[in-house]
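> Sequence plus predicted model, see below.
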Amino acid sequence: MITRVKDVVVNIGSGTTPKSSEPRYYDNGSTPWLNSGDLNDDIVEASSKYITDDAIRDFPSLHFYPKGSVVVAMYGASIGNTGIINFDTTVNQACCVLTPDESKISSYFLQLLLKLSKPKFLLESFGGTQPNISQKIVANTLIDVPPLAEQEAIAAYLDKECEKIGREIELLERKADGYRRLRRSLINNAVTRGLNPNNPLKPSGNVWIGDIPEHWNYERVERYFHSNTEINKDFEFTRAFKFYMGTIVPKNEELEDEDYHEVYIRYTKVKANDIMINGLNLNYDLKSMRVGIVPYDGIITSAYVVLRPFDGVNAQYFNYLFKALDYRKFFHGMGKGVRLTLSFNELRTFEIPVPPISDQREIVAYLDEKCGKVDAIVEKIEAKIERLKELKRSLINEVVTGQRAINTSEL
């Protein structure tokens, strides 16, 4: 049966955001407050943010929505993402919440149909750099709703088949993670012990690093690097870099150069072989991917630490060294303030192991080769994972839209 979303739900609503400048609305809050970023196109088990009773009292639009409701993101980068909430919650204004009429449609099936509607939502979105959809657009979206018994059969089939695909993906992800750990181990051993296992060792004086080869030096960062604070005030560079998984890559910019002018004139100029360290929020670090080397001249947000090598410094070696320190959470004890933010001033006087330049070249050549092989393997594994995810998406689409018949006797 082709029908509108609003015809198979008992309620459609949204929420609001209490004033962020008022700590009493957030500090020690115990009421879940769902944001669109919490939506994972699956069952949402918890909210990432909480609000207080004061917020509930002062903002009447903060309604409670029951467990089993389906949520669609209406704004920004997460637009069209969906989820089924597994708890009673309030939401912000970016969430469209739908409580299904259980006599017509299950939460599971409604969420599947809305997830398949994401391309439509993107086409109908409006606004500038942050596209939006409205509750009206969601409510009037046409969906094909089969009888409840058929919904249950489809759900059972998809659960069974998607679980098989999910197990394959999990095994591949574990395999890729194992290769990433191997890569980290290769880097760490090379930059702290060298390539000759028979080298006599001496104490480094730093518990994070341990013993180092006897013929290596142990010197301050400022001996090899200085800080760069040149700002892009003349708008010389119109394209910027960003961090991505431990590398420095161009930002995906969709607007004209001049649209970025007011932001990019405050960015820092960087040069090829500058080493970047993301020293922000060290206490919130989940994955150590805070170090990268600049591939060519450009700009990046001034919030990051820029280490510019002096002439003759092998930047590639130090890039590997700082990555190893990052893996071992070396920077975490160095940040300042409540958010543990790192600057060049905290970093410059710290001592690091420095081998002779000939050793540095050998280590870089060795790691380039070994890490390149590991990266190629991980890339193939990730390609397999993406194919399986696409297979899962296609399976769901074909079954829910009736393009693929299912044999209910096998369930």
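Now that the structure is in, tell me what you want to look at.

> just how off-centre is stretch 79-86 within its chain?
18 Å (CA atoms, centre = their mean, to the nearest Å).

> Just the strands from the stretch 1-150 of the chain, written as ranges.
Secondary structure of the stretch 1-150 of the chain (DSSP state E, counting those that start in this stretch): strands located at 2-4, 9-13, 31-34, 42-44, 50-51, 70-73, 82-85, 90-91, 95-100, 142-144.

> In JSON lines: the ones you listed, plus mean neighbour count.
Every C-beta, even on glycine, is put in place using the N, C-alpha and C of the backbone. Formatted as JSON lines, the strands of the stretch 1-150 of the chain follow (neighbours: other CB atoms under 10 Å):
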{"stretch": "strand 2-4", "mean neighbour count": "11"}
{"stretch": "strand 9-13", "mean neighbour count": "16"}
{"stretch": "strand 31-34", "mean neighbour count": "22"}
{"stretch": "strand 42-44", "mean neighbour count": "15"}
{"stretch": "strand 50-51", "mean neighbour count": "20"}
{"stretch": "strand 70-73", "mean neighbour count": "27"}
{"stretch": "strand 82-85", "mean neighbour count": "25"}
{"stretch": "strand 90-91", "mean neighbour count": "26"}
{"stretch": "strand 95-100", "mean neighbour count": "24"}
{"stretch": "strand 142-144", "mean neighbour count": "15"}
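
> can you tell me which of these comes nearest to residue 363?
strand 42-44 (43.7 Å; CB to CB).

> quick one: the helices in the stretch 101-250 of the chain?
107-116, 118-124, 135-139, 148-193 (DSSP state H, counting those that start in this stretch).

> Point out where the stretch 1-150 of the chain drops to low pLDDT.
127-130 (pLDDT under 70).

> neighbours around residue 243, how many?
18 (other CB atoms under 10 Å).

> let me redo that: residue 25
Neighbour number of residue 25 under other CB under 10 Å is 22.

> need the contact list for it.
18-19, 51-52, 54-55, 58 (CB atoms under 8 Å, 6 or more residues apart in numbering).

> for the nearest residue to residue 62 once chain neighbours are set aside, what are its contacts?
Leaving aside its sequence neighbours, residue 62 sits nearest to residue 90 (CB to CB, 6 or more residues apart in numbering; 4.6 Å). By CB under 8 Å, 6+ apart, the contact list for residue 90 reads 15, 31-34, 51, 56, 62-65.

> want to throw those residues into CSV with distance to residue 193?
Shown next, in CSV, are the contacts of residue 90 (distance: CB to CB, whole Å):
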residue, distance to residue 193
15, 55
31, 52
32, 49
33, 49
34, 49
51, 51
56, 58
62, 57
63, 60
64, 58
65, 56
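
> Which member of these is positioned nearest residue 178?
residue 34 (34.8 Å).

> Do a quick rundown of the helices in the stretch 251-400 of the chain.
Using DSSP H, counting those that start in this stretch, helices in the stretch 251-400 of the chain cover 261-264, 315-327, 344-347, 357-400.

> would you list these in CSV and tack on mean pLDDT and distance to residue 157?
Formatted as CSV, these follow (pLDDT from 0 to 100; distance: least, CB to CB, whole Å):
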stretch, mean pLDDT, distance to residue 157
helix 261-264, 90, 49
helix 315-327, 93, 43
helix 344-347, 86, 56
helix 357-400, 95, 7
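
> With respect to burial, which of these scores highest?
helix 315-327 (a mean of 23; mean count of other CB atoms under 10 Å).

> ok now it, how far from the chain's centre?
With CA atoms, centre = their mean, you get 22 Å for helix 315-327.

> same check, this time on stretch 235-249
On CA atoms, centre = their mean, the centre of stretch 235-249 falls 16 Å from the chain's centre.

> Which residue, other than its chain neighbours, is closest to the residue lying farthest from the centre of the chain?
Computed with CA atoms, centre = their mean, the residue of the chain farthest from its C-alpha average is residue 200, at 42.1 Å. Spatial nearest neighbour of residue 200, excluding adjacent residues (CB to CB, 6+ apart): residue 214 at 4.5 Å.

> For that neighbour, give me phi and psi.
phi -60, psi -30 (degrees, to the nearest 10).

> again with residue 303
Taking degrees, to the nearest 10 as the convention, residue 303 sits at phi -70, psi -20.

> for it, what are its contacts?
Residue 303 touches residue 280, counting by CB under 8 Å, 6+ apart.

> With residue 62 instead?
15-16, 18, 33, 51, 55-56, 90.

> now those as a markdown table including distance to residue 175?
Output for those, formatted as a markdown table (distance: CB to CB, whole Å):
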| residue | distance to residue 175 |
| --- | --- |
| 15 | 41 |
| 16 | 45 |
| 18 | 44 |
| 33 | 38 |
| 51 | 41 |
| 55 | 45 |
| 56 | 47 |
| 90 | 41 |
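
> on that earlier part again, right, so the helices of the stretch 101-250 of the chain: which one is the most enclosed?
Among these, highest average neighbours (mean count of other CB under 10 Å) belong to helix 107-116, with a mean of 22.

> Contacts for that helix, please.
Here helix 107-116 has contacts from 5, 8-9, 41, 68-70, 72, 82-84, 98, 100, 138, 141, 143-145, 151, 154-155, 158, 396-397, 400-401, using CB under 8 Å, 6+ apart.

> next one: it to chain centre, how far?
The answer for helix 107-116 is 24 Å, by CA atoms, centre = their mean.

> before we move on, what about stretch 229-247?
The answer for stretch 229-247 is 20 Å, by CA atoms, centre = their mean.

> can you give me the mean pLDDT across it?
Summarised as a single mean, pLDDT over stretch 229-247 is 89.

> one step back: tell me the one of the contacts of residue 90 nearest residue 233?
Nearest to residue 233 among the contacts of residue 90, with distances taken as CB to CB, is residue 33, at 40.1 Å.

> Just to check, the closest one is in contact with residue 91?
Yes: the criterion here is CB atoms under 8 Å, and residue 33 meets it with residue 91 at 7.0 Å.

> where do the contact lists of the two overlap?
residue 15.

> mind giving me a markdown table with the helices of the stretch 251-400 of the chain and columns for distance to residue 25?
Formatted as a markdown table, those follow (distance: least, CB to CB, whole Å):
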| stretch | distance to residue 25 |
| --- | --- |
| helix 261-264 | 29 |
| helix 315-327 | 36 |
| helix 344-347 | 34 |
| helix 357-400 | 38 |
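
> I am finished for the moment; much appreciated.
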